[in-house]
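A.B. asks: This is a predicted model, with the sequence first.
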Amino acid sequence: MPKPSCVSQNNPESQELMQYLAQQLMMKGIIATAQPVQTSCLNRCQQGPVVLIEPGHTMYVNLTKEKIDRIIDEHLIGGKVVSEYLIDDSVWGEPIPPASMAR
Ligand code: FES
């Protein structure tokens, strides 16, 4: 049975994390470039809350506000994957480094 995770109306903590993510993107001035989009379940509930960053197909798991801060600063702004927060390779494919996505 999956644990309740990610963003759910029945889970105020998950809603707070989604709000925090959007607020931080706005505060750092990248909300127009990086858009938080709530999806349906990504079938990784045991590692939730999760966030999937595209392009790159990079999934970060067990999100907290502290992890969101580093993901924004290091991945979205800095272009470097925060490897210690990645989902395990055994249940997800290899991420594509953000730097290789640059045109
Ligand atoms: S609800 Fe997020 S992975 Fe299932």
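C.D. replies: On my side now, so go ahead. Numbers count the residues shown, from 1 in each chain.
A.B. asks: I'd like the average pLDDT over the top helix by length along the chain.
C.D. replies: Longest helix of the chain, by residue count under DSSP state H: helix 12-27. If you average the pLDDT over helix 12-27, you get 94.
A.B. asks: And stretch 65-74, by the same measure?
C.D. replies: In this model, stretch 65-74 carries a mean pLDDT of 98.
A.B. asks: residues making contact with it?
C.D. replies: Outside stretch 65-74, the residues within contact range by CB atoms under 8 Å, 6 or more residues apart in numbering are 17, 20-21, 24-25, 28, 30, 34, 51, 53, 60, 80-82, 85. Heads up, the C-betas are built off the backbone N, CA and C, glycines and all.
A.B. asks: Filter the residues you listed down to the buried ones, ChimeraX style.
C.D. replies: In ChimeraX, this line selects whichever of these come out buried by 16 or more other CB atoms under 10 Å:
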select :17,20,21,24,25,34,51,53,60,81,82,85
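A.B. asks: give the contact list for residue 62.
C.D. replies: Counting by CB under 8 Å, 6+ apart, residue 62 touches 47-50, 85.
A.B. asks: Compare the residues you listed and tell me which is most surrounded.
C.D. replies: Neighbour counts for the contacts of residue 62 (other CB atoms under 10 Å) peak at residue 49, which has 24 neighbours.
A.B. asks: ok, how many other residues are close to residue 45?
C.D. replies: Residue 45 has 15 neighbouring residues, counting by other CB under 10 Å.
A.B. asks: Touching, it and residue 11? I think so.
C.D. replies: No - Residue 45 is not in contact with residue 11 according to CB atoms under 8 Å; the separation is 11.6 Å.
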